[in-house]
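S.K.: everything below, folded, please.
(2 chains)
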Amino acid sequence: MGEIIKSYYQKVIAEFWDQKTAVVLLGILSGLYFGTVGVVWAVTGEFTRWGASFLKLIGVDLSPYTYLKIIKYKGTVLTRIDGVMVLGMFAGALIAALFGQNFKLRIPTAKRVLQALIGGIIAGFGTRLAMGCNLAALFTGIPQFSLHTWFFTLGTIFGTYIGIKITLSPYFRGEPKLVKASEFNAGNLKANTQIQPFLGWLGLIVFAGILLSRPEMPNNLKLATVFGFAFGFLIQKGQVCFTSAFRDLWLVGRTTTLKALVWGMAVQMLLTAAFIAKGTPAKVLWAGPNALIGGLLFGIGIVIAGGCETGWMYRSMEGQVHFWFVGLGNVIGATILFLVWDKGVYKYLAEPFPKFSLIEHFGYLPAFILTGLFLLGLYLWADLREASGRSMIKNKTMSVRRV
Amino acid sequence: MEEKRYVLDLRGEPCPYPVVYSLQVLAELESGALLEILADCPQSFKSVPEEVVKAGYEMVEPPQKIGPTLRFLVRKP
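M.R.: Residues are numbered from 1 along each chain as shown, chains lettered A, B, ... in the order given. From the prediction side, this is the model:
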């Protein structure tokens, strides 16, 4: 009995989870989140509001910017559903990282900081141009049956390819340093991390305590916080890096993450359809060039940065300082987008195009079939790419420094 | 005969560099060499061993996790 409990504890609390399990759970939870809280699991809209709040703080008049009305900018991070959900995600990711003894301050080189900022800004701008990131315009967007998410996904696929070319360029790639074992001193690898799981449990108690001690907090905000916690916990435990879904498929034919995402979306689609049928309004946005171009920029940006909007969230909680800068870049990029939105971006790239819902245009069954075929296409592409055996790591063109 | 053994210290490098560097270095190494890879990007815990094996190299022992530090021992056949 004790042994069994110990082994479950090890598997659930200490170790990483199987990625597909984590992603399918995320699919189910985000479907339920949509049905109960009434909004799509998304994060970058909130990042945009942070940028807006900062500008307001330094005295900028925000009234001319119509983009902020589209994303319903008001209140504070503590009074917005997305706000408390994002805070919940940080808490969940941090506690998951502590449980697994994965927390460590990792200090990046100046070059990687630059990379993180540039990539983060491009991705932040692109994602808001398309009205959502790998969540609202992909993982939680495709199950909303909005056509714009297809454009975004295609843009992202090509964008990640370009992103890899940039990432592997001699300047960013750098040179791995190979050392003879006899001349290497790793230092003491046995870092003192046994305390981390205890801090994790303590954090969990504090988190629960905060929620329970606030009777004035509306129920939907509490629910959003708990969902956010579960999202953050799962993306850290499953190491769910949406960036790697496309990047690693291009790079070395790795299909694990993309296939997991397809499963997650397929399951989620059934839930969202049921809730849409019962009256929860689906999130449908302009199926215009903004989604395609936004996806392209997003794809380029996330690969340069090394992580997307959810990727930086859990990695920053693991102590990867690199990803704090990716997050900062995201907020800057999203802010630039809302500042230029009224200067022709909306008028030419979004406004003339329809908000196209597959359900409204074709009915439920065809919408299911079409979305199913789209997901199947992604899955098949992954298999074909892997079977081709192609890799973008060209050994002959790269140098290794031997010491 | 002295065993050819090398260390590739990738601690601090974010994705995708641990996979890229590992494959690149293994391609350069002489046949029979052992490579010890150190990393601390959590995603590498699965991606590095899986990609190394897929590329035809041999994991000498299961991936090790020492707190946040990851250690892989790979042989080039």
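S.K.: any stretches of chain A with poor pLDDT?
M.R.: Applying pLDDT under 70 to chain A flags the ranges A:395-398.
S.K.: if we go to 90?
M.R.: Residue ranges of chain A with pLDDT under 90: A:1-2, A:132-134, A:169-193, A:308-309, A:389-403.
S.K.: remind me, longest strand of it?
M.R.: Ranked by residue count, the top strand of chain A under DSSP state E comes out as strand A:177-180.
S.K.: mind listing the strands it pairs with, and their directions?
M.R.: Using DSSP bridges, strand A:177-180 pairs in its sheet with strand A:401-402 (parallel), strand B:5-10 (antiparallel).
S.K.: how much space separates A:Gly294 from A:Tyr65?
M.R.: As judged by Cβ to Cβ, to the nearest Å, A:Gly294 and A:Tyr65 stand 18 Å apart. Every C-beta, even on glycine, is put in place using the N, C-alpha and C of the backbone.
S.K.: now the most centrally placed residue in chain B: which helix or strand?
M.R.: With distances taken as Cα atoms, centre = their mean, the residue of chain B nearest its centroid is B:Ile37 (3.9 Å). Taking DSSP states H and E as the criterion, B:Ile37 maps to strand B:34-39.
S.K.: what strands line up against that strand, and which way round?
M.R.: strand B:5-10 (parallel), strand B:69-75 (antiparallel).
S.K.: give me the distance from the last one to the chain's centre.
M.R.: Meaning strand B:69-75. Distance, stretch centre to chain centre, for strand B:69-75: 5 Å (Cα atoms, centre = their mean, to the nearest Å).
S.K.: give me the contacts around that strand.
M.R.: A:104, A:189, A:191, B:11, B:22, B:26, B:32-42, B:44-45, B:48-49, B:52, B:57-61, B:63-65 (Cβ atoms under 8 Å, 6 or more residues apart in numbering or on different chains).
S.K.: can you get me a residue count around residue 54?
M.R.: No chain was given, so I picked chain A. A:Phe54: 13 surrounding residues under other Cβ atoms under 10 Å in any protein chain shown.
S.K.: the intended chain is chain B.
M.R.: Neighbours of B:Lys54 using other Cβ under 10 Å come to 15.
S.K.: hey, which of the strands paired with strand A:177-180 is tucked in deepest?
M.R.: Highest mean neighbour count of the strands paired with strand A:177-180: strand B:5-10, a mean of 21 (counted as mean count of other Cβ atoms under 10 Å in any protein chain shown).
S.K.: helix or strand for A:Gln101, which one?
M.R.: Using DSSP H and E, A:Gln101 sits in no helix or strand.
S.K.: that one against A:Gln194, yeah?
M.R.: Yes. With contact defined as Cβ atoms under 8 Å, A:Gln101 and A:Gln194 form a contacting pair (7.4 Å).
S.K.: more neighbours: which of the two?
M.R.: The neighbour count for A:Gln101 versus A:Gln194, taken as other Cβ under 10 Å, is higher for A:Gln101 (21 against 10).
S.K.: find the nearest non-adjacent residue to that one, please.
M.R.: Using Cβ to Cβ, 6 or more residues apart in numbering or on different chains and skipping the chain neighbours, the partner closest in space to A:Gln101 is A:Thr193 (4.2 Å).
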